[in-house]
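Here is a sequence with its predicted model. Questions after.
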Amino acid sequence: MHEGIKKSIELAPGKTLSIETGKLAKQADGAVVVRLGDTMALCTAVMEDRPKPDMNFFPLTVDYRENFASGGRIPGGFMKREGRSNDKEILTSRLVDRAVRPLFPDGFRHETQIICFVVSADDENDADILAGVGASAALMLGGAPFDGPIAEVRVGRVDGEFVINPTIPELESSDINLIVAGKQDAIVMVEGEMDEISEEEMVEALDVAHDAIRKLCALQEELFAEAGTKDAFEYTPYVVDDTLVDTVRDLISDRMREHVNAPYEKESFYGGIDEIKADAVDQLLGDDDTTPEGYTEGDIKEAVSKVEKEAMRAMIVDDGRRIDGRGRTDVRDIWSETQTLPRAHGSSVFTRGETQVLAAVTLGTSKDVQPVDQIFDQEDKRFFLHYRFPPFCVGEARFLRGPGRREIGHGMLAERALEGQLPDHDDFPYTIRINADVLESNGSSSMASVCSGSLALMDAGVPVKKPVAGIAMGLIQEGDQTAILTDILGTEDHLGDMDFKLTGTRDGITACQMDIKISGLSRDLMLQALNQARDAREHILDEMQQTLAEPRPQLSPHAPRLTQITIDSDFIGAVIGPGGKVIKGIQADTGASIDIDERDGMGYVTIAAADQAASDAAIERIKNIVTVPEAGEDYEGTVKSIKGFGAIIEIMPGREGLLHISEIDHDYVDKVEDYMQVGDKVKVRLTEVRNDGKLRLSRKPFVSKSNGSR
């Protein structure tokens, strides 16, 4: 058997992570197998020899896929093979992409593909955090011009103690689920959810993560030292020439400075930039395809963008003023409303500056849950937020397609932000869906989705624990000067050094997503950004409170009425009946929909009905089935059959007892038929409940001794 080169490290007692190369997928530029427990991920990296100079971005694709065979399972549904990427796979692919993309040099145009296959899956260790380590190692082994290595870890906190790469069972009791990516000297990406932790606790979690990341980066260096790496990848960077930038700067710097300082409005701002680019092209290019130096129209426009970036960053750092006139900590004007959509169960509009989101809440039953068929998670989802970014929200016209990776990522961030504040399922047994439609966008529509979604939940009467708000932070760093920006615009995101999205209640952080484009972000600077975000979050919550301070006391009249009762699990079969006959009969007679779920030795019966009367009728029928008859109680029963020795009387749905011929009357009874017929209503008393469950009835208490009633 061929042996590869393998390096291992024990991150915590019983948690050994290993990286192996030289055994599998050897035709890829770089390939490794990363293992934690019995979970293994095969990660490969391939770079095309020829560049794609016509692209103005780095053509990187990352695909993380979970094969069902890795867990000894066959996919559910009709198609018995893996299909398109599910949300978990897309989100993990984004985590890897966001960590490695900024570490490639500007102007690298060679198509690069990273593929991570989960080839073995145990019940304790998720493979998502193995993908980042594996992608880094594969790139480095392949000789990629990549400023790595990097590593990804998950941080949890169980019983007050931080845990690196917690197991799936440990995560269930953890109040932090944070994925952090970084290099030896810097954190580059953060994403996760928390249970209202403080800013200091957040920074502490990042410190713990970075310690583990350094160890994993060192482990990769050991692997490279023994296995060796391919020769450095030779390439020509497609970047604008400094000489051209100097020429363009001399030509337009005064005009650009004047433009970025002018009163701001998104359309006029970008329109003005386009005019400056067009004028620069006319002056330097004329009617020719290239300048005498060989510069193209695209080169000139890129040089203008560099001058724009310089002007904007200088204005922020030197003058403390942003392109829309705000100071560094100012939040744009906010307005919001609820009850926007009359037929939705809950709705709201949240507008912050030129970013606007319309949210609609729909309340459904357990039949509306989202089935989950994944390797590491099979629990159905009862809450989901669907984020949509139509082209008109940024004034564009293009095909309207299904959600892309960005939309899925932003929607999941907003979903995580809100989920922890939902009521327990036992107290509020609804399935909840939020549609978050971005109607305008100029800066963090995902954070506006959190605010609008929180208001819509309260408008629907969902008894959320606390309202949630979100804010996007930015960073500009020039030399020793640093500016942390609150509520960044799209331009500030594109031209800045950090995009840090924070969500939370008044009592703490509930979710975050951060991408850092520079190295050396200090702990103090990180804490400053977090505290600045907290101040902005509290301001937004104040604004939201003026619109709707707390959940409405009643559900929308258009929402289904759900009532949940508990029964002993022994009675579940009786409520369902043979072949579902009993429960189908109750649903047909009352119009209610009934679902039964067994857990913890109890039966949870959820009744969904359009009105309270139908719900009450169904509940009464169920209670009659599960009520245990007691001797001495009186009933009006129905004669179900007549025997020679008495009559069988149904005193409750599904509960029958024997009325013996001797208990029909005080006088002697010759024939039961002389006193009653099948279908008659008869008043009886339950005289005995036998050990075998059989019931004995008597009619005598309701007839006179002197004159038996026939």
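Here it is on my side, so go on. None of these values were measured; they are calculated from a predicted model.

contacts, neighbours, all on C-alpha from now
OK.

mean confidence score for the longest helix along the chain?
Secondary structure assigned by DSSP state H gives helix 199-227 as the longest helix of the chain. Averaging pLDDT along helix 199-227 gives 96.

In this structure residue 317 contacts residue 479, no?
No. At 10.1 Å, residue 317 does not count as touching residue 479 under the criterion of C-alpha atoms under 8 Å.

ok, the two, which is more surrounded?
residue 317 (18 against 6; other C-alpha atoms under 10 Å).

Please identify which helix or strand holds that one.
Taking DSSP states H and E as the definition, residue 317 sits inside helix 297-319.

Heading C-terminal from that helix, find the next helix or strand.
Downstream of helix 297-319, the first helix or strand assigned by DSSP H and E is strand 334-338.

what's the pLDDT at residue 653?
We have a pLDDT of 68 for residue 653.

That should have said residue 534, apologies.
pLDDT at residue 534 comes out at 96.

which stretches of the chain have low pLDDT?
Along the chain, segments meeting pLDDT under 70 span 1-2, 520, 653-654, 706-710.

max-length strand in it?
Taking DSSP state E as the criterion, the chain has its longest strand at strand 39-51.

In that strand, which residues are buried?
Under the neighbour-count criterion of 16 or more other C-alpha atoms under 10 Å, strand 39-51 has 39, 40, 41, 42, 43, 44, 45, 46, 47, 51 buried.

Go through these and name the one nearest residue 111.
Among these, residue 47 lies closest to residue 111 (C-alpha to C-alpha), at 5.8 Å.

roughly how far apart are that closest one and residue 30?
10 Å (C-alpha to C-alpha, to the nearest Å).

And for residue 588?
In terms of C-alpha to C-alpha, residue 588 sits 63 Å off from residue 30.

what does residue 570 give?
Applying C-alpha to C-alpha to residue 570 and residue 30 gives a distance of 58 Å.

Between those two, which has more neighbouring residues?
Using other C-alpha under 10 Å as the criterion, residue 570 and residue 30 rank with residue 30 on top: 28 against 12.

wait, isn't the more buried one in contact with residue 144?
No. Contact between residue 30 and residue 144 fails when scored by C-alpha under 8 Å: they sit 9.1 Å apart.

how about the strands in the stretch 251-400 of the chain?
334-338, 346-352, 355-364, 383-388 (DSSP state E, counting those that start in this stretch).

Show me the one of those strands that comes nearest residue 483.
strand 346-352 (21.6 Å).

What are the contacting residues of that closest one?
With contact meaning C-alpha atoms under 8 Å, 6 or more residues apart in numbering, strand 346-352 is reached by 332-341, 356-362, 448-449, 451-453, 455-461, 556.

what helix or strand is residue 687 on?
Taking DSSP H and E as the criterion, residue 687 maps to strand 681-689.

Describe which strands that strand pairs with in its sheet and in which direction.
If you go by DSSP bridges, strand 681-689 pairs up with strand 634-643 (antiparallel), strand 695-698 (antiparallel).

List the buried residues for the first one?
The reference is to strand 634-643. When neighbours are counted by 16+ other C-alpha under 10 Å, the buried residues of strand 634-643 are found to be 634, 635, 637, 638, 639, 640, 642.

what's the nearest residue to the fourth one once chain neighbours are set aside in contact with, if anything?
When the adjacent residues along the chain are set aside, residue 638 lies closest to residue 681, with 4.7 Å between them (C-alpha to C-alpha, 6 or more residues apart in numbering). Applying C-alpha under 8 Å, 6+ apart, we find residue 681 in contact with 636, 637, 638, 639.

what does residue 508 give?
195, 196, 197, 198, 199.

If you rank these by neighbours, which is first?
Most neighbours among the contacts of residue 508, by other C-alpha under 10 Å: residue 196, with 21 neighbours.

Pop out the phi and psi values for that residue.
Backbone torsions of residue 196, given as degrees, to the nearest 10, read phi 50, psi 50.

Surely residue 239 is in a strand?
No. Residue 239 is assigned coil when assessed by DSSP: H, G, I helix; E, B strand; the rest coil, not a strand.

and the closest residue to it other than its chain neighbours, which of the three is it?
The shortest distance from residue 239 to any non-neighbouring residue, by C-alpha to C-alpha, 6+ apart, is to residue 107 (5.0 Å). Following three-state DSSP, we place residue 107 in the coil state.

Residue 77 now?
Under three-state DSSP, residue 77 falls in the coil class.
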